[in-house]
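*Asks:* Mind folding the following:
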Amino acid sequence: MANILERNKQEQVIAALAEGSSIRSVERMTGIHRDTIMRLGVRIGQGCANLMKATMRNLNLTHLELDEMWGFVGKKQHNFDKGIRHPEQGDFWVWCGIDRDTKLVPCFHVGKRTKEDARVFVADLAERVSGRIQISTDGLSTYVDAVERAFANEVDYGQIVKTFESDPIGPGRYSPPRVVSVEEKSVGRHHHKPL
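*Replies:* From the prediction side, this is the model:
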C-alpha cells in the first residue's frame, strides 16, 4: 500500500464506521476515498478477528444465546436467476453467540444459512468455552445437529420458539410484529438445567 493514512485519520474512519456511518458518508466527512476506507476496514477487521481467536479461549460462561443476522452482498438472493448459485454474493448471515450475563461475544461466523455453516460456527464456539454450558437458540433446525456434533452430551441445550402476530407489514409500519406466544423446549436426552 503506497499511501498510509495518519493514525488520527485511521481512528476517525474506524470511529465513524463503528457508529454506523456508511462508507460513502465517511468518505464525505473525511475526504478519504471509499476504496481506502474499505481496505482499512478489512485490515482492522482481520486484526480484530486474529485477536479474538487468540484471546477468547477457556471462557467460563454459563448461558449462551445463539442467533443469526441477515444481510446481503451485491444483491438479495431472490433477485438472482433461479438455479444460478453465486457463492460470493446474495444472502449472507452473521452467526453470533452472546453470553446472557456478561454480554461477551466469544465468536461469530459469516456465511450462508446452511448446515455446514452452523457446524463451523458451533464447533468454533465449543473450542472457546470450558465446562458445561447452557445454550439457547431459536427453532432453526440446523442448530440441533451442530450442537450435538460439537458438544455431544456436555451441554444443556434448549430452543425458544416465538410466534409473531400475523398482521402484514404495510405502509407506515416500522416496528416488528408483536410476539403472541413463546414455546421453550429441551433438545436431546441429557439436559439437566431449565431454560
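
*Asks:* And stretch 88-96, what's buried?
*Replies:* Gly90, Asp91, Phe92, Trp93, Trp95, Cys96 (16 or more other Cβ atoms under 10 Å). The way it works is simple: take the backbone N, C-alpha and C, and place the C-beta from them, glycine included.

*Asks:* helices and strands around the helix ranked longest in the chain, which ones?
*Replies:* Longest helix in the chain, counting residues (DSSP state H): helix 34-55. Helix 34-55 sits against helix 7-18, helix 23-30, with contacts defined as 3 or more Cβ pairs under 8 Å, 6 or more residues apart in numbering; DSSP states H and E.

*Asks:* could you give the angle of the longest one to helix 34-55?
*Replies:* With axes from the mean of the first three to the mean of the last three Cα atoms, to 10 degrees applied, the angle from helix 7-18 to helix 34-55 works out at 80 degrees.

*Asks:* Need the residues that contact helix 7-18.
*Replies:* With contact meaning Cβ atoms under 8 Å, 6 or more residues apart in numbering, helix 7-18 is reached by Leu5, Ile23, Ser25, Val26, Met29, Thr30, Ile32, Ile37, Leu40, Gly41, Ile44.

*Asks:* For Lys53, find the nearest of the helices and strands packed on helix 34-55.
*Replies:* With Cβ to Cβ, the closest approach to Lys53 among those belongs to helix 7-18: 19.8 Å.

*Asks:* ok, back up a step: what's the first helix or strand after the longest helix of the chain?
*Replies:* The element immediately downstream of helix 34-55 (helix or strand, assigned by DSSP states H and E) is strand 63-73.

*Asks:* Buried residues in that next one, which are they?
*Replies:* By 16+ other Cβ under 10 Å, the buried positions in strand 63-73 come out as His63, Leu64, Leu66, Glu68.

*Asks:* Glu183: which of these is nearest?
*Replies:* Leu66 (17.2 Å).

*Asks:* residues touching the closest one, list them.
*Replies:* Leu66 sits in contact with Trp95, Cys96, Gly97, Phe121, Val122, Leu125, Ile135, Ser136, Thr137, Tyr143, where contact means Cβ under 8 Å, 6+ apart.

*Asks:* Filter the residues you listed down to the ones in helices?
*Replies:* Short answer: the contacts of Leu66 in helices (DSSP H) are Phe121, Val122, Leu125, Tyr143.

*Asks:* Contact partners for His33?
*Replies:* Glu27.

*Asks:* Now it: phi and psi?
*Replies:* phi -60, psi 140 (degrees, to the nearest 10).

*Asks:* Which pLDDT value goes with it?
*Replies:* Listed pLDDT for His33 reads 95.

*Asks:* what does Asp124 give?
*Replies:* Value listed for Asp124 in the pLDDT field: 96.

*Asks:* One more: the one 10 residues further on?
*Replies:* As predicted, Gln134 sits at a pLDDT of 94.

*Asks:* Show me the beta-bridge partners of it.
*Replies:* His63, Asp156 (DSSP bridges).
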